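Asker: model this:
(one chain, ligands or ions: 1)
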Amino acid sequence: MYKYVNNVISITREIMLEKVKIGNVVVDATAGNGHDTLLLAKLVGQEGKVYGFDIQESAIKNTNQKLIENKLAERVYLIQDSHENIDKYIDERTDLVIFNLGYLPGGNHSIVTKAKSTTIAIEKSLNLLKENGLLVITTYVGHEEGKTEEKYVKEYLSNLDQKEFNVLKFEFINQINNPPILYCVEKNKL
Ligand SMILES: C[S@@+](CC[C@H](N)C(=O)[O-])C[C@H]1O[C@@H](n2cnc3c(N)ncnc32)[C@H](O)[C@@H]1O
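Answerer: Predicted structure coming up:
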């Protein structure tokens, strides 16, 4: 059971704490300021591996700096490219892929994830997942691009074959100001 269910960030964190094990291969598809990448790097241990993507140089630099300060940089591969090219960089199965969409808080709000590239990246990430692997996606509907993106993401995930994937949506239906929405997609054993 989750300790708190008041926001999707804490739920996401608890999912990572529960799911990610020593030796896992995981992906942060939107590294941003590196909070999720850092947690993942701690959780996979010395034998594990983290791939972190972001299109912004400053995000990659900030994330790298956090990892260096925590002496965890050697288990993380940071890639300055769009997550839609994930298959160019990763040719192994992954245990978890996380997307925290939208713009970087405190950064340039005009640099946002986009519906089309996000959907391509989600499709490729699902292909890379191991059986029982998990995809975790947070969408933000408080800005225009985010509303479109949420529509695309929901449409794409709703049409996944239930024999192959379990798709769960977390949504705060009584909160004001467009709270973020969280999706978890588990790849079934075939
Ligand atoms: C909400 S922030 C991520 C926050 C991050 N998870 C953290 O813990 O700080 C979204 C990030 O997605 C990045 N981004 C936007 N489009 C992208 C793309 N096509 N591929 C990879 N990253 C992208 C932005 O540059 C931004 O840093």
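Asker: what does stretch 168-182 contact?
Answerer: The contact list for stretch 168-182 (C-beta atoms under 8 Å, 6 or more residues apart in numbering) reads 7-9, 11-12, 102, 136-142, 150, 154, 157, 183-186. For glycine as for every other residue, the C-beta is placed from the backbone atoms N, C-alpha and C.
Asker: what's the neighbour count on the residue of the chain found nearest the ligand?
Answerer: Closest to the ligand within the chain is Gly32: 2.5 Å, counting by C-beta to the nearest ligand atom. Residues lying near Gly32 (other C-beta atoms under 10 Å) number 23.
Asker: now list the buried members of the contacts of stretch 168-182.
Answerer: 8, 11-12, 102, 136-141, 150, 157, 183-186 (16 or more other C-beta atoms under 10 Å).
Asker: among those residues, which lie within strands?
Answerer: Among the buried ones among the contacts of stretch 168-182, the ones falling in strands (DSSP state E) are Val136, Ile137, Thr138, Thr139, Tyr183, Cys184, Val185, Glu186.
Asker: I'd like the distance between Tyr156 and Ile55.
Answerer: From Tyr156 over to Ile55 the distance is 21 Å, taken as C-beta to C-beta, to the nearest Å.
Asker: which of the three states applies to Val97?
Answerer: strand (DSSP: H, G, I helix; E, B strand; the rest coil).
Asker: flag every residue of this structure that's near the ligand.
Answerer: 30, 32-36, 53-56, 59, 82-83, 100, 102, 104, 111, 113, 117 (C-beta under 6 Å from any ligand atom).
Asker: re the thing from before, out of the ones in strands among the buried ones among the contacts of stretch 168-182, flag the one nearest to Lys88.
Answerer: Proximity of those to Lys88 was ranked by C-beta to C-beta; the top entry is Ile137 with 20.8 Å.
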